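K.L.:
here is the input, now give the coordinates:
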Amino acid sequence: MITGRELFTKFLKGEPLERPPFVPLIRGLTARVEGLAQEAIHSDPTLWANCLAKTTELFDFDGLVAGFDFSLMAEACGCRIKWENDRPRIAALPEALCQTPEESGRMKNALETAGRVFQVCRARRACVAALTGPVTLAHQLFGREEGEKRLMEVKQLVVRVTEAFCRIRPDVLVFMEGRPLALAEPTAAHRRLYQTLKNITSYYNLSDALYLQGYRPQEVGSFASLKMDIYILGPSQDQGLPPLSALWDLGAEARGIGIGLPMSDIPKAREVIQQGVDWYGAKGRKSFFFTSFGPVTREVHLETLQQLIREINQVRLTDR
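P.N.:
All right, here's what the predicted structure looks like:
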């Protein structure tokens with residue numbers, strides 16, 4: 001039986017897929033599986049790694065994602081975090097920027113966690129790391145008015161953490177961007193920043209990806225100018241699913257796309273799965289994988305998630 005890692009490797013190489021891999025964006029689900037608060041889990045790299053590995057094994061995901069948390073990088077750079085309902089929120093802008101974010105707070109733990117859990121899971125599953133992209137980070141650190149003006153001040157900070165994650169050797173490094181980039185048309189400054197990050201992932205022979213949320217569906221095509229290897233769309237500006245045609249067009253020149261499935265709506269998820277299958281056949285094996293539509297939180301309905309996994313495992317892809 002083919003492993004999740006073998007499937008995802010085929011996806012990355014653009015080879016024919018027996019079925020699409022499923023690599024959800026795990027967040028609060030680990031805390032629910034372990035019966036602990038996320039804050040406690042994030043304070044202990046060994047516990048965090050064990051929770052990720054246990055959750056991935058329990059649901060037999062094809063891969064795992066470490067670091068899918070928009071607050072991690074902001075906290076590492078100096079923002080104060082407040083936990084509310086077991087979720088970290090940015091409570092205050094930094095008094096001074098931390099110049100070594102890879103050695104700070106939960107980011108240090110996240111890097112150690114990723115190193116440990118990738119070592120354990122790499123043989124059978126895809127390993128994906130995520131960190132906040134530079135545009136969203138600049139707005140988190142300097143506020144809405146100053147963020148865009150001070151974009152270059154975050155460059156070295158993101159570079160340091162990008163290199164730290166690359167040294168752990170994920171298969172893909174995902175840069176997460178919210179509205180600060182999603183509602184803007186990419187500028188030359190944005191493209192230069194992302195080219196720098198792409199140069200780093202390329203040096204380590206890794207794939208890069210852009211996860212975008214809070215976008216206007218009719219305008220996502222402009223992000224193709226960032227020339228990322230993989231594109232993943234989360235919730236749009238109105239929290240809706242993106243039209244798959246927009247995602248397909250965005251990824252037309254990319255290595256592949258990640259299609260988000262709504263974890264709480266099986267009929268809609270089935271509809272999206274079938275659209276993906278039809279697209280694969282119509283586009284001549286254009287690569288894709290399934291992921292979650294946004295993060296998988298502790299509120300997810302477990303039976304629905306398991307049913308979805310069973311149905312994905314039964315998908316068979318064929319050329320037309």
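K.L.:
could you use CA atoms for every contact and neighbour count after this?
P.N.:
Will do.
K.L.:
so which bits of stretch 55-69 are buried?
P.N.:
Of all the residues in stretch 55-69, those buried under the rule 16 or more other C-alpha atoms under 10 Å are 55, 56, 60, 61, 62, 63, 64, 65, 66, 67, 68, 69.
K.L.:
now do the helices in the stretch 201-320 of the chain.
P.N.:
Here the stretch 201-320 of the chain has its helices, by DSSP state H, counting those that start in this stretch, at 244-250, 266-282, 302-313.
K.L.:
with distance to residue 161 and mean pLDDT as extra columns, can I get those in TSV?
P.N.:
Converted to TSV, those look like this (distance: least, C-alpha to C-alpha, whole Å; pLDDT from 0 to 100):
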stretch	distance to residue 161	mean pLDDT
helix 244-250	27	91
helix 266-282	33	91
helix 302-313	32	95
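K.L.:
pipe those into CSV and attach distance to residue 210 and mean neighbour count per row.
P.N.:
Formatted as CSV, those follow (distance: least, C-alpha to C-alpha, whole Å; neighbours: other C-alpha atoms under 10 Å):
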stretch, distance to residue 210, mean neighbour count
helix 244-250, 11, 18
helix 266-282, 19, 16
helix 302-313, 23, 15
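K.L.:
dump those helices into a markdown table; add distance to residue 154 as well.
P.N.:
Output for the helices of the stretch 201-320 of the chain, formatted as a markdown table (distance: least, C-alpha to C-alpha, whole Å):
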| stretch | distance to residue 154 |
| --- | --- |
| helix 244-250 | 26 |
| helix 266-282 | 37 |
| helix 302-313 | 37 |
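K.L.:
and the strand or helix carrying residue 75, what does it pack against?
P.N.:
Assessed by DSSP states H and E, residue 75 sits inside helix 70-77. Contacting helix 70-77 under the criterion 3 or more C-alpha pairs under 8 Å, 6 or more residues apart in numbering; DSSP states H and E are the following elements: strand 87-92, helix 105-121, strand 126-132, helix 134-146.
K.L.:
alpha carbons only: can I get stretch 14-31 in CSV?
P.N.:
This file holds the C-alpha atoms of stretch 14-31, laid out as CSV (Å, rounded to 0.1, in the frame of the first residue of the first chain):
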residue,chain,number,x,y,z
GLY,A,14,4.0,16.0,-11.0
GLU,A,15,3.7,12.3,-11.5
PRO,A,16,0.4,10.4,-11.9
LEU,A,17,-1.5,10.1,-8.7
GLU,A,18,-3.5,7.0,-7.6
ARG,A,19,-5.5,9.4,-5.4
PRO,A,20,-4.9,12.9,-4.1
PRO,A,21,-3.0,13.1,-0.8
PHE,A,22,-4.8,14.7,2.2
VAL,A,23,-2.7,17.0,4.4
PRO,A,24,-4.9,19.1,6.6
LEU,A,25,-3.8,22.3,8.4
ILE,A,26,-3.9,20.9,12.0
ARG,A,27,-4.2,23.4,14.8
GLY,A,28,-6.5,22.9,17.8
LEU,A,29,-7.3,19.2,16.9
THR,A,30,-4.1,18.1,18.6
ALA,A,31,-5.2,19.7,21.9
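K.L.:
report the mean per-residue pLDDT for that stretch.
P.N.:
What stretch 14-31 shows for mean pLDDT is 94.
K.L.:
so how far is that stretch from its chain's centroid?
P.N.:
11 Å (C-alpha atoms, centre = their mean, to the nearest Å).
K.L.:
buried residues in it?
P.N.:
16-17, 19-31.
K.L.:
what's stretch 66-79 in contact with?
P.N.:
Contacts with stretch 66-79, where a contact means C-alpha atoms under 8 Å, 6 or more residues apart in numbering, come from 25-27, 81, 88-107, 110, 113-114, 128-132, 137, 140-141, 157, 176, 295.
K.L.:
what's the most distant pair in the buried residues of stretch 55-69?
P.N.:
For these, the maximum inter-member distance is 21.9 Å, found between 60 and 69 (C-alpha to C-alpha).
K.L.:
sorry, back to before: let's have the helices and strands packed on helix 70-77 in JSON lines, adding mean neighbour count and mean pLDDT.
P.N.:
Listed next are these as JSON lines, based on neighbours: other C-alpha atoms under 10 Å; pLDDT from 0 to 100:
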{"stretch": "strand 87-92", "mean neighbour count": "16", "mean pLDDT": "95"}
{"stretch": "helix 105-121", "mean neighbour count": "21", "mean pLDDT": "97"}
{"stretch": "strand 126-132", "mean neighbour count": "26", "mean pLDDT": "98"}
{"stretch": "helix 134-146", "mean neighbour count": "21", "mean pLDDT": "95"}
